[in-house]
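**Q** Take this sequence and fold it.
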Amino acid sequence: VQLQAFGGGLVQPGGSLRLSCAASGFTSDNYAIGWFRQAPGKEREGVSCISMSEGITYYADSVKDRFTISRDKIKNTMYLQMNDLKPEDTAVYFCNAVIPRRGHFWGQGTLVTVSS
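**A** Okay, the predicted model is just below:
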């Protein structure tokens, strides 16, 4: 199982970025995929996730109404549209997948920096 994360970068407060995470190495669509983030000196926290088969979503309170998660079942790829970014969104974002009977898998981190 491989998770390849794309996106991230430097953006000003109020700006937008889109992260994507492509999953490969397995054939089922019965799994959940999402993002965690870890800011300097803080613990890793869940941001958002989506079930690939049904599209059921979850958002942390801190990102509701600003972030939107979606998926492309054909491409086995998940997207996180991040709008109205704030300095407190600055963190390394990690893609995570939970596959039943196989476990948790992590992609490489991608840095999001929100600063003027």
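
**Q** Q108 falls within a strand, correct?
**A** Yes - residue state for Q108 (DSSP: H, G, I helix; E, B strand; the rest coil) corresponds to a strand.

**Q** Distance of the closest residue to it other than its chain neighbours relative to S53?
**A** Of all residues not flanking Q108 in the chain, A5 sits nearest, at 5.8 Å (Cβ to Cβ, 6 or more residues apart in numbering). The C-beta positions use only the backbone N, C-alpha and C, and glycine is treated the same way. For A5, the distance to S53 equals 21 Å [Cβ to Cβ, to the nearest Å].

**Q** These two: which has the busier surroundings?
**A** A5 (20 against 13; other Cβ atoms under 10 Å).

**Q** Listing partners with orientation, what would you give for the one helix or strand the more buried one maps to?
**A** Here A5, judged by DSSP states H and E, is contained in strand 2-6. Strand pairing for strand 2-6, using DSSP bridges, gives strand 17-24 (antiparallel).

**Q** Quick one: name whatever helix or strand follows the strand it pairs with.
**A** Assigned by DSSP H and E, the successor of strand 17-24 is strand 32-38.

**Q** Contacts for that next one, please.
**A** 3, 19, 21, 23, 44-52, 58, 69, 71, 78, 80, 89, 91-98, 109, 112 (Cβ atoms under 8 Å, 6 or more residues apart in numbering).

**Q** Can you give me the buried ones in that strand?
**A** Within strand 32-38, the residues scored as buried using 16 or more other Cβ atoms under 10 Å are 32-37.

**Q** Next: stretch 33-52.
**A** For stretch 33-52, the neighbour count (16+ other Cβ under 10 Å) marks 33-37, 47-52 as buried.
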